[in-house]
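# The sequence and its predicted three-dimensional model are supplied below.
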Amino acid sequence: VGKALLNGQVLYKDIIEQKGLLIYLLQIPAYLISHKNFLGVWLIQLVLMTISSVYFYKTAYLLTNSSKKSYISTILVALVIFTSNALASGQIVEVYLLPLFIISIYLLLKENKNIESNEKKSLIYMFIIGIIIGIIFWMKYSLLGFYFAYILVTLIFDIKDKKYSLSIKKVVMISLGFLIITIPCVLYFVLNNAFSELINYYIINNVSGYGSALSLFGTLKNYGATFLTQFKWNPIMTIVLFISLAYIIKTRKISRKVKIILFSSIITHYMIIFIHGAMFPYYFFAFGAILIFGIVGVVELLNKILCLIAPSCLLENKKDINLMLLIFTITCIILSIIFMPCPRQFLKEPSNLAQYEFAKYMHNKYEEPTSLDYGFLDGGFYTVADIIPNVWAFCGLNWDNPKMYQSQLDAIKKQKTDFVILRAL
C-alpha cells in the first residue's frame with residue numbers, strides 16, 4: 001500500500017485497507033530502501049525496537065533504581081515479547097506502536113516520581129501524549145483504549161484535588177498534540193477528494209465490519225473466550241501480564257494514583273481491542289509495553305532469592321558483573337533464535353517460497369505484470385514481484401464489505417490483472 005501511495009494512488013479511494021494513513025506513509029521509506037523484500041521494513045522496525053528498549057530500560061530504572069536490574073529487565077522483556085506467537089505476523093501495527101506505549105508509561109511514572117508537582121512539565125507530558133494519541137488514531141484507533149482511562153482518570157484526580165485550571169490546560173495540550181497529527185492527515189484526504197471514503201472505510205467499516213453487536217452477557221462471554229484463546233496462543237506473555245498486574249497492585253514504588261491509572265488503562269485497553277471477539281494471536285502484542293512491570297517484579301524477586309543464597313548478593317556485586325551480563329545477553333539471543341515464532345520461514349531459501357517462484361514466473365511472462373490476491377490477505381506477493389496493485393480491493397481483508405468482494409470479482413471478469421493468486425483452503 002505504501003508504494004501504491006508513492007505512485008500516486010489515494011488511500012481508500014484507489015486502494016482499500018483497514019488501517020490508517022500513517023502506517024502506510026511509514027512504509028514508503030521501507031519501499032525506497034528495498035523494492036523486492038522486507039529489508040526496509042526490518043530496518044525501520046529495528047530502529048523502533050531500539051527506541052522501545054531504551055524506554056524499557058528507563059522505565060525499569062524508575063522502578064528499581066538499579067542499572068543492572070534495569071538492563072536484565074530490558075533483555076528479558078525483549079526475549080518474552082519477540083519470541084511470542086503474537087509476533088508470528090511481523091508486519092503488524094502493534095510492533096510500530098510499541099515505543100509509543102512504553103514512552104507513555106514512562107512519562108506517567110516520571111511525572112508522578114517527583115513529590116513536588118511541576119505544572120509546566122506535566123503540560124509538556126500531556127502535549128506529548130496528545131501527539132501519541134494522534135499517531136495511534138491514524139494508524140489503528142482500536143488501540144486507543146489504553147488512553148481513554150489514562151486521560152480520564154488523570155483528569156478525575158486533578159478535579160478531585162480541585163486543580164480545575166490544570167485539568168483544563170491538560171485537555172488543551174492533549175488536543176493540540178492530537179491536532180498537530182490530525183490536521184495534515186485530514187488535509188490529505190480533503191485535497192484528494194477522498195474524505196467520504198475515509199469516513200466510510202476507516203471509521204464506519206472498521207466499527208461495523210467485524211460482526212454484529214452482542215448482548216452484555218455475550219460480550220462478557222466473548223471476553224472470557226478471547227482470554228483463554230490468547231492464553232493458549234501466548235502463554236508466557238499472558239502469565240507475565242498477570243504478574244505485571246500483581247506487581248502494579250502490590251508494589252510500594254508506584255503511587256495509588258498511578259496504580260489506578262495503569263490498572264484502569266489496561267482494562268479498557270483489553271475491552272476495546274477484543275470488543276468484537278475477534279481472536280488473532282498478534283492482538284496480544286498490544287500489551288507488550290505493560291510486561292515491563294512483571295519482568296521487573298520477577299528480576300527483583302530473583303535478586304532477593306540470590307541474596308539469601310549468596311550473602312554477596314549477585315546482582316549488587318560488581319565483581320565479574322560484566323561477564324555475567326555478557327553471558328546472560330548471549331544466552332537470551334540464542335534463546336530468541338531458538339524460539340522465534342517463524343523459524344521455518346526464516347531458514348527457507350527464497351527458491352522454496354511461493355512468493356519468489358511466482359514473481360519469477362510472472363516476470364518471465366510480462367515485463368510489468370499485474371496480479372490480484374483473491375480472497376486472502378497479501379502474503380508478500382506484491383512486494384517480492386515489485387507489483388503496484390491496480391485493483392481497489394487488491395487482496396482480501398478481515399472484515400465484511402460487499403464492495404470489496406465485488407471489486408475482486410469484477411477485476412477477474414474484466415481481466416484487469418494478468419494473474420490471480422489463490423490460496424488453498
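Structure's in. What do you need?
# So, low pLDDT: which residues of this structure?
90, 114-117, 209-214, 277-279, 310-324, 341-351, 424-425 (pLDDT under 70).
# Select the longest helix from it.
When the chain is parsed with DSSP state H, its longest helix is helix 164-191.
# List the buried residues of it.
166-167, 169-170, 173-175, 177-178, 181-182, 185, 188-189 (16 or more other CB atoms under 10 Å). No exception for glycine: its C-beta is placed from N, CA and C like everyone else's.
# Including distance to I295, could those go into JSON lines?
Compiled in JSON lines, these are given as follows (distance: CB to CB, whole Å):
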{"residue": "L166", "distance to I295": "33"}
{"residue": "S167", "distance to I295": "33"}
{"residue": "K169", "distance to I295": "35"}
{"residue": "K170", "distance to I295": "30"}
{"residue": "M173", "distance to I295": "31"}
{"residue": "I174", "distance to I295": "29"}
{"residue": "S175", "distance to I295": "34"}
{"residue": "G177", "distance to I295": "29"}
{"residue": "F178", "distance to I295": "31"}
{"residue": "I181", "distance to I295": "31"}
{"residue": "T182", "distance to I295": "34"}
{"residue": "C185", "distance to I295": "35"}
{"residue": "Y188", "distance to I295": "39"}
{"residue": "F189", "distance to I295": "41"}
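# so how far is stretch 48-60 off the chain centroid?
The chain centroid and the centroid of stretch 48-60 are separated by 14 Å under CA atoms, centre = their mean, to the nearest Å.
# Which positions in that stretch come out as buried?
Buried residues in stretch 48-60, defined by neighbour count with 16+ other CB under 10 Å: L48, M49, S52, S53, Y55, F56, Y57, K58, T59, A60.
# ok, now which ones touch N7?
Residues counted as contacts of N7 (CB atoms under 8 Å, 6 or more residues apart in numbering) are I388.
# can you give me phi and psi for it?
With angles defined as degrees, to the nearest 10, N7 sits at phi -100, psi 20.
# one step back: counting by contacts, list what the longest helix of the chain packs against.
If you count contacts as 3 or more CB pairs under 8 Å, 6 or more residues apart in numbering; DSSP states H and E, helix 164-191 packs onto helix 21-25, helix 119-140, helix 145-160, helix 195-197.
# Mind listing what's buried along the second one?
Right, the one you point to is helix 119-140. Buried residues in helix 119-140, counting neighbours by 16+ other CB under 10 Å, are found at 122-123, 125-140.
# In space, not sequence, find me the middle residue of this structure.
Residue closest to the average C-alpha location in the chain (CA atoms, centre = their mean): E94, at 1.3 Å.
# I181 against I136, yeah?
No - assessed by CB atoms under 8 Å, I181 is found out of contact with I136, at 9.3 Å.
# in stretch 384-397, what's buried?
For stretch 384-397, the neighbour count (16+ other CB under 10 Å) marks 384-387, 389-397 as buried.
# wait, I meant stretch 292-304
Within stretch 292-304, the residues scored as buried using 16+ other CB under 10 Å are I292, F293, G294, I295, V296, G297, V298, V299, E300, N303.
# next one: stretch 17-36
Neighbour-count burial for stretch 17-36 [16+ other CB under 10 Å]: 17-27, 30-31.
# first vs last residue of it, how far apart are they?
Its first and final residues considered, stretch 17-36 spans 21 Å by CA to CA, to the nearest Å.
# now swap in stretch 83-101 and tell me
End-to-end distance of stretch 83-101 (CA to CA): 19 Å.
# which residues make contact with that stretch from outside it?
If you take CB under 8 Å, 6+ apart as the criterion, stretch 83-101 is touched by 19, 23, 26, 38, 41, 44-45, 48-49, 51-52, 55, 81, 132, 135-136, 139-140, 143, 146, 233-234, 236-237, 280-286, 288-290, 335-336, 339-342.
# Show me which residues of that stretch are buried.
So for stretch 83-101, counting by 16+ other CB under 10 Å, buried means 83-89, 91-101.
# any idea how far it is from the chain center?
The answer for stretch 83-101 is 5 Å, by CA atoms, centre = their mean.
# what residues are up against the nearest residue to L422 once chain neighbours are set aside?
Leaving aside its sequence neighbours, L422 sits nearest to Y374 (CB to CB, 6 or more residues apart in numbering; 5.6 Å). Residues near Y374 by CB under 8 Å, 6+ apart: G396, Q408, I412, V420, I421, L422.
# how many other residues sit next to the nearest residue to the fifth one once chain neighbours are set aside?
So that's I421. Spatial nearest neighbour of I421, chain neighbours left out: D373 (5.1 Å); criterion: CB to CB, 6+ apart. Counted with other CB atoms under 10 Å, the neighbours of D373 add up to 24.
# from memory D373 sits against V391, does it?
No - counting by CB under 8 Å, D373 does not reach V391; the two are 9.4 Å apart.
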